[in-house]
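[1] Here is a sequence together with a model predicted from it:
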There are 2 protein chains.
Amino acid sequence: MRFRPMAETQLSTRDRLTMAAARLFQEAGYSGTSVADVLALAQAPKGSLYHHFPNGKADLASAAAAMASQVMLDITAAAYGPADDFAHGTQRLAEKFARLFERHPHWRACPVQTLLLDGPLATETAPLLQAWIDTTAAQATRLGHPKPDLAATRVWITLIGCWTLARARDDAQPLRDLPDLLLEGDNSGRSS
Amino acid sequence: MRFRPMAETQLSTRDRLTMAAARLFQEAGYSGTSVADVLALAQAPKGSLYHHFPNGKADLASAAAAMASQVMLDITAAAYGPADDFAHGTQRLAEKFARLFERHPHWRACPVQTLLLDGPLATETAPLLQAWIDTTAAQATRLGHPKPDLAATRVWITLIGCWTLARARDDAQPLRDLPDLLLEGDNSGRSS
DNA sequence: ATTGGTCTAGACCATATGGTCTATTGAACG
DNA sequence: CGTTCAATAGACCATATGGTCTAGACCAAT
């Protein structure tokens, strides 16, 4: 793989490495990204990498996951913050991810999903995901939802599923359909 | 990685290679699996691999994805076949995947998800997933569900999300909670 | 100016990896 | 029995990969 170097040269080398790693891991997964790829994108020499991240690729993955998780929290806050009710916030959230999906190649997958699947962070990802659910549940409470925890869990489970389908289909539409999917009441087909 | 060789020695070399590849790709992803790993698990020499799969790893991924997809179709048929109504079938489906998740390490992720995320099959996975949705929609129709396509899409989106959460938490419970998640009616928190 | 520490720079290395190539086996068929 | 050809067997290769190591730049404090 070859990548265009990052434009932001004013950032510290450490931050450039973290951001580059986050982007590449999100795009191609842990095993699918080489440290050489990260160095090229970050425009940094190898010595700097192993100075800032003594354990190399694994440390890079930790830092990238932490940064990506914080971005997710920020996006969630920005989505629900100005919302009238929880459903409105969820709709704003879905739209935000749909836009990211369409505009940036590396947003075509959940930022920690690839690290969860093949990286050395299998155990570390659960707390990150839980933090997203928790902050969403807090918003649900604030917006007067009767079952905040359940609602937040539903949002994130469905979001991850929609995201995966969107990537498979190469189309952000499943993400935009998320609110409808959640709103639909009893589709169970239960015969009662 | 080291793996215990496959027990089934009566299978053809080609099938052993395909099965081994399916298991390893499902477990560690495309980039996370080396052809040496596949050869070791399948107990096959390199010459046989490139005889049966001239394009090497990429062909192996195609064959593995096709085999895995067929397994998914079989599981779906077995879940909805004896069901009284669609919701019952969905519950059976979730329970089947929960059991697989608990019993077999390689069933801790959707069989094509890793290939979708970092393999050379990014475009080929959509039809497979669609086939699962279609066969589920057919079952929904058969069982008298009013909106079979929507219901089938909901099932698979939610299933993939639950599966991801289950893997992150190292616990099959999210998969078992799937029916409840789908049954819950209006959790939207809409103020109307 | 000297020192001490942080950070940059990239040559260098051992190993892993995907793939090629030649030789051999074994069964079907004349 | 000899031929043929699919399949097996694994040595071999070029490159990619993650990581180490030494040298030097930069900068503050003395």
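    Sure, I can see it.

[2] got the buried residues for the biggest helix by length in chain A?
    Longest helix in chain A, counting residues (DSSP state H): helix A:57-80. Buried residues in helix A:57-80, counted by 16 or more other C-beta atoms under 10 Å in any protein chain shown: A:57, A:59-65, A:67-69, A:72-73, A:75-76, A:79-80. Every C-beta, even on glycine, is put in place using the N, C-alpha and C of the backbone.

[3] so where's chain A uncertain?
    By pLDDT under 70, the weakly predicted segments of chain A are A:1-9, A:184-192.

[4] Show me the helices in it, by range?
    Per DSSP H, chain A carries helices over the ranges A:13-28, A:35-42, A:46-52, A:57-80, A:86-103, A:113-118, A:125-142, A:148-169, A:173-176, A:178-183.

[5] What separation is there between the one residue in chain A that gets nearest to DNA strand D and chain B?
    Relative to DNA strand D, the nearest point of chain A is A:Gly56 (2.6 Å; C-beta to the nearest atom of the strand). Using C-beta to the nearest C-beta, to the nearest Å, A:Gly56 is found at 17 Å from chain B.

[6] Check A:Gln70 too.
    Taken as C-beta to the nearest C-beta, the span from A:Gln70 to chain B is 18 Å.

[7] got it, and A:Ala42?
    In terms of C-beta to the nearest C-beta, A:Ala42 sits 20 Å off from chain B.

[8] Compute the number of surrounding residues for that residue.
    By other C-beta atoms under 10 Å in any protein chain shown, the residues close to A:Ala42 number 27.

[9] same question, A:Ala36
    Close neighbours of A:Ala36, defined as other C-beta under 10 Å, add up to 10.

[10] Contact partners for it?
    Listed by C-beta atoms under 8 Å, 6 or more residues apart in numbering or on different chains, A:Ala36 has no contact partners.

[11] how about A:Gly29, what does it touch?
    A:114-115, A:117-119, B:29, B:31-32, B:114, B:117-118.

[12] for A:Ala126, that is, sorry about that
    B:168-170 are the contacts of A:Ala126 under C-beta under 8 Å, 6+ apart.

[13] again with A:Leu17
    A:Leu17 is in contact with A:38-39, A:42, A:44, A:48-49, A:52-53, A:60, A:63, counting by C-beta under 8 Å, 6+ apart.

[14] Any figure for the gap between it and B:Ser31?
    Using C-beta to C-beta, to the nearest Å, A:Leu17 is found at 20 Å from B:Ser31.

[15] what's the answer for A:Arg176, then?
    According to C-beta to C-beta, A:Arg176 stands 30 Å off from B:Ser31.

[16] the more surrounded of those two?
    Using other C-beta under 10 Å as the criterion, A:Arg176 and B:Ser31 rank with B:Ser31 on top: 21 against 18.

[17] List phi and psi for that one.
    phi -70, psi -30 (degrees, to the nearest 10).

[18] hang on, it packs against A:Glu27?
    No. With contact defined as C-beta atoms under 8 Å, B:Ser31 does not reach A:Glu27; the gap is 12.0 Å.
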